[in-house]
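J.: for reference, the sequence and a predicted model appear below.
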Amino acid sequence: MSISPLMPVYPRCDVRPVRGEGCYLIGERGERYLDFAAGIAVNLLGHGHPKLVKTIADQAATLMHVSNLYGMPLGEQFAQKLVDNTFADTVFFTNSGAEAVECAIKTARRYHYANGQAHRHKLISFDNAFHGRTLGAISATSQPKMRDGFEPLLPGFSVVPFNDLDAALAQIDDNTAGFLLEPVQGEGGVTPATQEFMAGLRKACDEHGLLLVLDEVQCGYARTGTFFAHEQYGVKPDIIAVAKGIGAGFPLGACLATEEAAKGMVFGTHGTTYGGNPLAMAVGLTVIEEVLADGFLDHVKAMGARLRAALEQLIPNHDEMFEDVRGMGLMLGVKMKEGFDARTFVGHLRDHHGLLTVSAGQNVLRVLPPLVIDESHIAECIEKISAGARSFSAAQAA
Ligand SMILES: *Cc1c(COP(=O)(O)O)cnc(C)c1O
């Protein structure tokens, strides 16, 4: 038997974390890492947050799982909080981002079905998008590495260039249900939608009776400095998929929709065994309380501006290597120049400087710290990237 017991779909690196403390991870041999990956935009309160730990321990001892056959007091409370603080009127809880995207796709199709227009099933999605790994979610992308060998995929998607409003509008036909996009593409390279693009898609939705479906799994939940990224565009969606930060490390996702958009989602149309269980709901309530507490979003904005400025200041000193800084809030990316591979640099920072970051498409180094970082963490990160750039550049030249 040569296959590993963990199915070998991930090229795992040598970091083997066994413990977390705030913004740091500690490996098997006791080595410390500054964690500016945060489980890929998940651990927004850092590791071992006392309130979150206590919530989980207390709720696990009280009630962990029942079934969605029963009334769910904690779920009602959490859903109400989400409704009170967003565009949405109703929430379906899931265990992951891909499931939240699936629910969003199903809600969009079912909306047109409920309107007697079942033929309007096609979602227009975008190049370099990432929506998760279910068959539905990979059908909404154009990336061969995710699609090859899994075909036939779900019909009813057409993929056009991101931030190209004309291309998106040109795809609209009698079968179109709506648009599906990330306001800030994460895996694809930390690319924010332009204002004109988002506003133009909303306008087209209003004119043609389409739904604007946003995947805020990565960019949502305070990551960009507002509760959800779309708020910064002044654009209201009809449906959004949420996950990652919403559970701050506990598996949790959600699909949020307006009453109108959710009109097809009646008894029996959708379901989940684990989704919205009491333990997940207790976690969700604790996390949202932290995120919506006075000053939290302002802190993210302030730290985002500071980290961005500091990264931008690095560029003139390493302009052979770095092209620009992109992103919003604490979802930032440094685009690397040709000849310097972001994935290799991420490994270099990890192995030689104790800094965890993530690579993204388009040769981008992605920086996704916990949202509770302070200035000292930013200074430490910048020191490490600066030192890392010098040693990496020298190694490449050698
Ligand atoms: C991570 C991610 C997903 C998938 O979430 P999973 O929890 O891995 O299923 C979907 N969309 C976006 C934008 C993501 O970043």
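T.: Looks like it came in fine. Numbers count the residues shown, from 1 in each chain.
J.: pLDDT below threshold where in this protein?
T.: The chain contains no residues with pLDDT under 70.
J.: residues from it in reach of the ligand?
T.: 96-98, 101, 130-132, 182, 186-187, 215, 217-218, 243-244 (Cβ under 6 Å from any ligand atom). The C-beta positions use only the backbone N, C-alpha and C, and glycine is treated the same way.
J.: try 8 Å this time
T.: 40-41, 96-101, 129-134, 137, 182, 185-187, 215-219, 241, 243-244, 251, 253 (Cβ under 8 Å from any ligand atom).
J.: point me to the residue of this structure nearest the ligand.
T.: Among the residues of the chain, residue 97 lies nearest to the ligand; the distance is 2.2 Å by Cβ to the nearest ligand atom.
J.: count of neighbours near that residue?
T.: Per other Cβ atoms under 10 Å, the neighbour tally for residue 97 reads 28.
J.: wait, it touches residue 252, no?
T.: No - with contact defined as Cβ atoms under 8 Å, residue 97 does not count as touching residue 252 (9.8 Å).
J.: could you tell me which residues touch both of those two?
T.: Common neighbours of residue 97 and residue 252, counting by Cβ atoms under 8 Å, 6 or more residues apart in numbering, are residue 243.
J.: only the buried subset of the residues of the chain next to the ligand, as a ChimeraX command please.
T.: This is the ChimeraX syntax for the buried subset of the residues of the chain next to the ligand, where burial follows 16 or more other Cβ atoms under 10 Å:
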select :41,96,97,98,99,100,101,129,130,131,132,133,134,137,182,185,186,187,215,216,217,218,219,241,243,244,251,253
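J.: so where do the helices sit in this protein?
T.: For the chain, helices defined by DSSP state H occupy the ranges 38-41, 50-62, 73-84, 97-114, 135-139, 144-147, 165-170, 195-208, 278-291, 296-314, 342-353, 375-397.
J.: so which of those helices comes closest to residue 1?
T.: Of all the helices of the chain, helix 144-147 sits nearest to residue 1, with 26.8 Å by Cβ to Cβ.
J.: what helices or strands is that closest one leaning on?
T.: Packing contacts for helix 144-147, counted by 3 or more Cβ pairs under 8 Å, 6 or more residues apart in numbering; DSSP states H and E, involve helix 135-139.
J.: how's this structure carved up into domains?
T.: Domains of the chain are assigned by automatic domain parsing as 17-48+295-397, 63-291.
J.: need these in CSV (columns: distance to residue 6).
T.: Shown next, in CSV, are the domains of the chain (distance: least, Cβ to Cβ, whole Å):
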stretch, distance to residue 6
domain 17-48+295-397, 15
domain 63-291, 16
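J.: ok, which of those comes nearest residue 7?
T.: Of all those, it is domain 63-291 that lies closest to residue 7, at 12.6 Å by Cβ to Cβ.
J.: can you get me the start-to-end distance on the closest one?
T.: By Cα to Cα, to the nearest Å, the extent of domain 63-291 from end to end equals 24 Å.
J.: before we move on, what about stretch 244-252?
T.: Stretch 244-252 has an end-to-end distance of 7 Å (Cα to Cα).
J.: just the strands in the stretch 101-250 of the chain please.
T.: 122-126, 157-160, 176-181, 184-185, 191-192, 211-215, 239-242 (DSSP state E, counting those that start in this stretch).
J.: strand partners (parallel or antiparallel) of the first one?
T.: Just to be clear, that refers to strand 122-126. Strand 122-126 sits in its sheet next to strand 157-160 (parallel), strand 176-181 (parallel), going by DSSP bridges.
J.: which one of those is the most hemmed in?
T.: Each of those was scored by mean neighbour count; the highest is strand 176-181, a mean of 26, by mean count of other Cβ atoms under 10 Å.
J.: just the C-alphas of that one, formatted as PDB.
T.: Provided in PDB are the C-alpha atoms of strand 176-181 (Å, rounded to 0.1, in the frame of the first residue of the first chain):
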ATOM      1  CA  THR A 176     -30.400  33.500 -17.400                       C
ATOM      2  CA  ALA A 177     -31.100  33.300 -13.700                       C
ATOM      3  CA  GLY A 178     -28.500  35.800 -12.500                       C
ATOM      4  CA  PHE A 179     -24.800  36.400 -11.700                       C
ATOM      5  CA  LEU A 180     -22.600  34.600  -9.300                       C
ATOM      6  CA  LEU A 181     -19.400  36.300  -8.200                       C
END
